[in-house]
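A.B. asks: Sequence first, predicted model second:
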Amino acid sequence: MKISASIYSDKSRSLKDVVDDLVQHQVNLLHVDCNDDPSVFNDIKEIRSFCDLPIDLHLITSSPEKYFDLLRETPVDYLTIQYESLNHDKFHGFKIPNDLLCKKGIAITTETPIEIFESYLDYDFILIMATVPGQSGGLFDRDNFYKIRKFRKKYPSKSIHVDGGVNGEVSFILRNLGVSCSVSGSYLFTSPSVGHALFNLQSRNLGSTYTVSDFMIPIEECPVITSNESSLKTTLQTIENGNLGFCLILNNDQKLDGLISSADIRKSLLNNLSDLKNLSVDKMINFNPLTVFDHNTVIDLLKIIKSAKFPVMYLPVVDKDFKAKGIVNFVHLIKGEV
């Protein structure tokens, strides 16, 4: 996951000192908030005079078109338009001119549904504002975990950027959800050093505020079959439709009996090649899968992963009564780390 550093979050140093510090610590992008203030482009010109890091411009205005000539004169690499600030009587699916050769995104606040993206399908990404746009130091709103999962499922080819309240723990969760870029401001500059903060954002977590239930895939969206319907055909079709490489096996009380993965099926086939007619689904079930509780923290989750004697690709989530609540899938996290 790329880190876009919000340059205006450090008000104690000159712009050049801030940017030089970020360059030295190899931040990925420079995030510039423009609250309807054309003078921001003077700062972008100054940055361009001594630095070639990609500029990530967040434009918060009711009239983005008045900035187009400025953008032609001083190009940026990423341009995000704040949806809520647009005059929606005038703009519906606001178009950014094709001659502005940058990645294009639309930003929304927590209250705005992701379905507005239907009018911006030619854009490259969505920026989900997890705190108040343009304000530094807010807390991440956990409702956005659901929005990120929903957007990833609905628009799999589009990138997701997140701005607001991103610390080490939130960063781990965002990487796990497949977020490609997060904006960080106050967290970067209030840490002991920029390098210390970047290490936490990109490598590990500190403390635990969120639980597994905040960001898991809920059981309603998981590939599931009950024990009494676990025929071979049903099992294979459920795994195929779920597109996750496994399905959960539940009893009539919604408690987790086990799971069947593609690897379990492959092993069972290899062990029964001489007698495939008598191949039984029961022989494929892993009745003792590694699990995590829905109330476990991110630190608890990491401890479970680290203690496993095998690579963990996913974990069934259960409550204290061992009823199935969902899954945590690590595919996006693994992709983001390679």
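C.D. replies: That came through, no problem. Numbering: from 1, shown residues only.
A.B. asks: CA atoms for contacts and neighbours, from now on please.
C.D. replies: Fine.
A.B. asks: V317 looks like it's in a helix, true?
C.D. replies: No. Counting by DSSP: H, G, I helix; E, B strand; the rest coil, V317 falls outside a helix, being strand.
A.B. asks: Now do the contacts for it.
C.D. replies: V317 is in contact with V212, M216, T291, V292, F293, D294, A324, K325, G326, I327, V328, counting by CA atoms under 8 Å, 6 or more residues apart in numbering.
A.B. asks: if we go to 7 Å?
C.D. replies: Listed by CA atoms under 7 Å, 6 or more residues apart in numbering, the contact set of V317 reads T291, V292, F293, D294, A324, K325, G326, I327.
A.B. asks: Now a PyMOL select for only the buried ones of those residues.
C.D. replies: Buried residues among the contacts of V317 (16 or more other CA atoms under 10 Å), as a PyMOL selection:
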select buried, resi 291+292+293+294+324+325+326+327
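A.B. asks: Is S49 in a helix, a strand, or coil?
C.D. replies: What three-state DSSP gives for S49 is helix.
A.B. asks: Tell me how far it lies from L273.
C.D. replies: 68 Å (CA to CA, to the nearest Å).
A.B. asks: D43 now?
C.D. replies: Distance of D43 to L273, given as CA to CA: 69 Å.
A.B. asks: Around I108, count how many other residues there are.
C.D. replies: Per other CA atoms under 10 Å, the neighbour tally for I108 reads 23.
A.B. asks: give the contact list for it.
C.D. replies: Going by CA under 7 Å, 6+ apart, I108 touches Q82, Y83, E84, L127, I128, M129.
A.B. asks: Phi, psi for the last one please.
C.D. replies: Put plainly, it is M129. With angles defined as degrees, to the nearest 10, M129 sits at phi -90, psi 110.
A.B. asks: and after the helix or strand harbouring E46, which helix or strand comes next?
C.D. replies: Assigned by DSSP states H and E, E46 belongs to helix 40-50. Going down the chain from helix 40-50, the next helix or strand is strand 55-59, by DSSP H and E.
A.B. asks: Could I get the buried residue list for the helix or strand harbouring R72?
C.D. replies: Element membership for R72, per DSSP H and E: helix 68-73. By neighbour count on 16+ other CA under 10 Å, the buried set for helix 68-73 is L71.
A.B. asks: Near Q82, how many other residues are there?
C.D. replies: Using other CA under 10 Å, the number of residues around Q82 comes to 22.
A.B. asks: So what does the nearest residue to it once chain neighbours are set aside look like in phi/psi?
C.D. replies: Leaving aside its sequence neighbours, Q82 sits nearest to A107 (CA to CA, 6 or more residues apart in numbering; 4.7 Å). The phi/psi pair for A107 (degrees, to the nearest 10) reads phi -100, psi 140.
A.B. asks: show me what contacts A107?
C.D. replies: Contacts of A107 (CA under 7 Å, 6+ apart): T80, I81, Q82, Y83, I126, L127, I128, M129.
A.B. asks: beta partners of it?
C.D. replies: Bridge pairing for A107 (DSSP bridges) gives the partners Q82, L127.
A.B. asks: ok, back up a step: among D43 and L273, which residue is more densely surrounded?
C.D. replies: Set D43 next to L273 and count neighbours by other CA under 10 Å: D43 wins out with 14 against 10.
A.B. asks: Apart from its chain neighbours, what residue comes closest to the more buried one?
C.D. replies: Nearest to D43 is L15, by CA to CA, 6+ apart, at 7.9 Å.
A.B. asks: What separation is there between the one you found and F145?
C.D. replies: Relative to F145, and taking CA to CA, L15 is found at 33 Å.
A.B. asks: between these two, who's got more neighbours?
C.D. replies: Under the criterion of other CA under 10 Å, the comparison of L15 against F145 puts F145 first, with 19 against 16.
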